[in-house]
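Trainee: Below is the structure, and that's it, no one-letter string:
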C-alpha cells in the first residue's frame, strides 16, 4: 500500500513521528529540532521499520526552505541588505575560503586527492539557511542588526554557492590532473564564460525583481486584500513565495532560497508585509519540520563506529573553524562582540547546500560515499549541537556584560534610546486591534509608547509624534527602550499567543509589578498567557459575542473611536 501512496505516507508518518518526538524534546527542555532529526533517522533507510520516500521528503523540504526564506525577506528591505554589504560580502568570501582550506587539510590527512579535498572543504563552509533562521527566530534576533548581518551573510553564501555549483564541473577537471597549456587555456576560457553567464542570470533576476516585482507583487496583494477573502489572500501569499522561487530556479538558475528571499524583501516595503508573514507562518513551520526530517533520513548512525576520528575532525572544522573565522572577521570589521558571536555561532552548522555539493561531487567522481557520510554526520551533529552553542553564548554574554565592550557599539540593542516617559502605557502591536486601542488612548491624552515589528508603521507613528520603536517587544533592548520598569500598564495586542507569551515573560522579568492586558483567540491561549503573568486576557470571540448580546438586548454601549490613520493593510483587512 505504501508504494502507492508514498507522498501521503511520508507526510503522515514523518510529521506524526516528528510531533511525538518533538513533544518529548519539549518536555525535557531540549530543542524541537532534536525531535525532528531523530524522527528522520527513525523513518530513514538505515533503521528498521517503515522507510519514507527520500526523494519526496527532499522536495517537501525545499518548500520549507522557500517559505522560511520568504519570511526572512519580509523582515528585510533593499536598504537593509545594502547597509550590510561592507561586512557580509568580504566576510562570507573570506570565511568560506578559510573553511574550505581547513576541510582540504582534513582531506589531505585522510589521503584524498586535491579535487576531493576541495569539494569536501567547500561543503563544510556553507551554513544551513533553515537552521540559522530558526535559531534567530527563537532568540528573537531577526529584527536586530545581529540578525540582519547573519541573514545577509547567508544571502551572500547562497549567491556564492549558486556560482560554485555551476563552476564546479570545469574546476574539478582542472584539479584532477595537470593538463597541457592549450587544454588549460581552453578550460579557463570555459570557466570565464560560465562565470559571466551565471552572474548575468543572477543580475537579470535581481533587476527583474527590483523593476517589475516591486510594483506587481504589492499591487497584486493589495487587490486581493480588497476582496475581503482571507483564504484568497493566504493563497496569493503562498503563490507569490513559491512562484517567484520556482521562476528564479528554472529561468535564472538561482536557488529556491534566494528567489524566495527576494520575493519577501520586495514585499517587505508594502504595508501588507506583516499580514503576509502571519498568513504564511503555519505552513512555514510545518514544512520546516519536514526539512529536518529529510536531513535525519540521510544519516547513517553506523558512521560513529566506522569513522569516529575522521568524523570528529570534520565536526571540528564546522563547529570551531567556521565559528572562529566568522567571529574574527566580524570583529576585524569593527562590529561588537555580540554581533560577532551571533554570526559565528549561527554558522557553526551545515545543511542543504552541503548535501547538494556532496551529491554533485559523487556524480563528478571526486567524492566517495565515505566523504558524503562524513558530511552528513557532521551536519547531523552540528545541527543538534547548535542550540547548545547559542545557549552557551547567551550565558557567556551574561557573565561578561559588566565588563562592557570596547568596540564601536553598532548593535540595535545598544543604539535604542530609552524613552523618558513614566507611568505610561506600552502598546505592543499596532494592527487592526492595536490601532483602535492606540488611537483612543492618544485621543484621550494618555501617555503612550508603541512597539511594532513594522518599521514602516513606526515611521508613520513618529511623524504623528507618537513615541514608538520598531522591533520585537520580547527583545531585552526593545523592552528597555519602552521603559517598562516605570510603566503602569502593558497592552499586548498582537494576535500570536506564543509571541505574546514571550512578551509577557520579558515584561514580568523587567517589572514584576507591571499590570498586563493581552488578547487571545481560544481558552487554551487565555490560560497560557495567564500562567505566564498576564493580569487580564481578553478573548476576542467572547467579547464579540457579548457585544452582540448587548445590542440585541438593547443595552447601551459607548462606541470606540476608529483608527482614522490606520495603515492600508488594516483598512484592507477591515473591509
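Mentor: Thanks, I have the structure now. Being a predicted model, the structure only gives us computed values, none of them experimental.
Trainee: pLDDT weak spots in this structure?
Mentor: The model of the chain has pLDDT under 70 over residues 1-5, 75-78, 80, 140, 142-143, 173-191, 397-416, 455-456, 555-575.
Trainee: Which element, helix or strand, includes the residue nearest in space to the middle of it?
Mentor: Taking C-alpha atoms, centre = their mean, the centroid of the chain lies closest to residue 133, which sits 2.6 Å from it. In this assignment (DSSP states H and E), residue 133 forms part of helix 129-138.
Trainee: One more: residue 517?
Mentor: Assigned by DSSP H and E, residue 517 falls in strand 515-520.
Trainee: hmm, who's touching stretch 6-14?
Mentor: Stretch 6-14 is contacted from outside by 2, 39, 40, 43, 50, 52, 53, 56, 57, 60, 290, 293, using C-beta atoms under 8 Å, 6 or more residues apart in numbering. Heads up, the C-betas are built off the backbone N, CA and C, glycines and all.
Trainee: mind checking how far the last one is from residue 287?
Mentor: If I follow you right, that is residue 293. 10 Å (C-beta to C-beta, to the nearest Å).
Trainee: who touches both of those two?
Mentor: residue 61.
Trainee: What's the separation between residue 135 and residue 547?
Mentor: Relative to residue 547, and taking C-beta to C-beta, residue 135 is found at 42 Å.
Trainee: out of the two, which sits in the more crowded spot?
Mentor: Between residue 135 and residue 547, counted using other C-beta atoms under 10 Å, the more crowded position is residue 135 (23 against 12).
Trainee: returning to that earlier point: quick one: distance of the strand holding residue 517 to the chain centre.
Mentor: 27 Å (C-alpha atoms, centre = their mean, to the nearest Å).
Trainee: before we move on, back to that, what residues does the helix holding residue 133 touch?
Mentor: Residues outside helix 129-138 that contact it (C-beta under 8 Å, 6+ apart): 33, 64-65, 68-69, 71-72, 142, 147, 150-151, 154, 158, 257, 288, 291-292, 346-347, 349, 351-352, 383, 386-387, 390.
Trainee: Please narrow these to those residing in strands.
Mentor: Using DSSP state E, no member of the contacts of helix 129-138 sits in strands.
Trainee: so how many other residues sit close to residue 523?
Mentor: The number of residues near residue 523, taken as other C-beta under 10 Å, comes to 11.
Trainee: For it, which non-adjacent residue is spatially closest?
Mentor: Counting by C-beta to C-beta, 6 or more residues apart in numbering, residue 539 is the residue found nearest to residue 523 once chain neighbours are left out, at 7.3 Å.
Trainee: ok, now which ones touch that neighbour?
Mentor: Contacts of residue 539 by C-beta under 8 Å, 6+ apart are 519, 520, 521, 522, 523, 525, 526.
Trainee: hey, where'd the strands end up in the chain?
Mentor: Using DSSP E, strands in the chain cover 425-428, 448-452, 467-470, 489-492, 515-520, 536-539.
Trainee: how near is residue 110 to residue 307?
Mentor: Distance from residue 110 to residue 307, by C-beta to C-beta: 9 Å.
Trainee: Pretty sure residue 351 is one of the things residue 318 touches, is it not?
Mentor: No. In this structure residue 318 lies outside contact range of residue 351 using C-beta atoms under 8 Å: 10.5 Å.
Trainee: if I look at those two, which residues touch both of them?
Mentor: Joint contacts of residue 318 and residue 351 (C-beta under 8 Å, 6+ apart) are residue 379.
Trainee: Among the two, which residue is more densely surrounded?
Mentor: Per other C-beta under 10 Å, whichever of residue 318 and residue 351 has more neighbours is residue 318, with 29 against 23.
Trainee: residue contacts, the more buried one?
Mentor: Applying C-beta under 8 Å, 6+ apart, the residues near residue 318 are 124, 348, 349, 350, 378, 379, 382.
Trainee: and those residues as CSV, adding neighbour count?
Mentor: CSV is the format used below for these (neighbours: other C-beta atoms under 10 Å):
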residue, neighbour count
124, 28
348, 27
349, 28
350, 29
378, 27
379, 28
382, 26
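Trainee: Restricted to helices, list the residues you listed.
Mentor: 378, 379, 382 (DSSP state H).
Trainee: and the last one, how far is that from residue 294?
Mentor: This means residue 382. 16 Å.
Trainee: Same question for the second one.
Mentor: Taken as C-beta to C-beta, the spacing of residue 379 relative to residue 294 amounts to 11 Å.
Trainee: Filter the contacts of residue 539 down to the buried ones.
Mentor: The neighbour count (16 or more other C-beta atoms under 10 Å) marks 519, 520, 525, 526 as buried among the contacts of residue 539.
Trainee: would you turn the residues you listed into CSV with distance to residue 243?
Mentor: As requested, the buried ones among the contacts of residue 539 are arranged in CSV below (distance: C-beta to C-beta, whole Å):
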residue, distance to residue 243
519, 33
520, 34
525, 33
526, 38
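Trainee: count of neighbours near the closest residue to residue 381 other than its chain neighbours?
Mentor: Counting by C-beta to C-beta, 6+ apart, residue 381 lies nearest to residue 315, which is 5.5 Å off, once chain neighbours are set aside. Other residues lying near residue 315 total 22 when counted by other C-beta under 10 Å.
Trainee: How about residue 163?
Mentor: For residue 163, the tally of surrounding residues (other C-beta under 10 Å) stands at 16.
Trainee: measure it to residue 153 for me?
Mentor: The gap separating residue 163 from residue 153 is 16 Å, by C-beta to C-beta.
Trainee: quick one, domains of this protein?
Mentor: 51-397, 413-574 (automatic domain parsing).
Trainee: What residues sit buried inside stretch 537-544?
Mentor: Residues residue 537 are the ones in stretch 537-544 that count as buried (16+ other C-beta under 10 Å).
Trainee: What of stretch 506-515?
Mentor: Quick answer for stretch 506-515 (16+ other C-beta under 10 Å): 506, 507, 508, 510, 511, 514.
Trainee: do stretch 341-350 as well
Mentor: Applying 16+ other C-beta under 10 Å to stretch 341-350 flags 341, 342, 343, 344, 345, 346, 347, 348, 349, 350 as buried.
Trainee: The fifth one reaches residue 387, doesn't it?
Mentor: No. Between residue 345 and residue 387 there is no contact under C-beta under 8 Å: 10.0 Å.
Trainee: what's near enough to touch residue 280?
Mentor: 67, 70, 71, 234, 237, 238, 241.
Trainee: how does it look with 7 Å?
Mentor: Taking C-beta atoms under 7 Å, 6 or more residues apart in numbering, we find residue 280 in contact with 67, 70, 71, 237, 238, 241.
Trainee: And residue 37, by the same measure?
Mentor: 292, 295, 296, 380, 383, 384.
Trainee: and with 10 Å instead?
Mentor: By C-beta atoms under 10 Å, 6 or more residues apart in numbering, the residues touching residue 37 are 18, 21-22, 25, 31, 292-297, 299, 379-381, 383-384.
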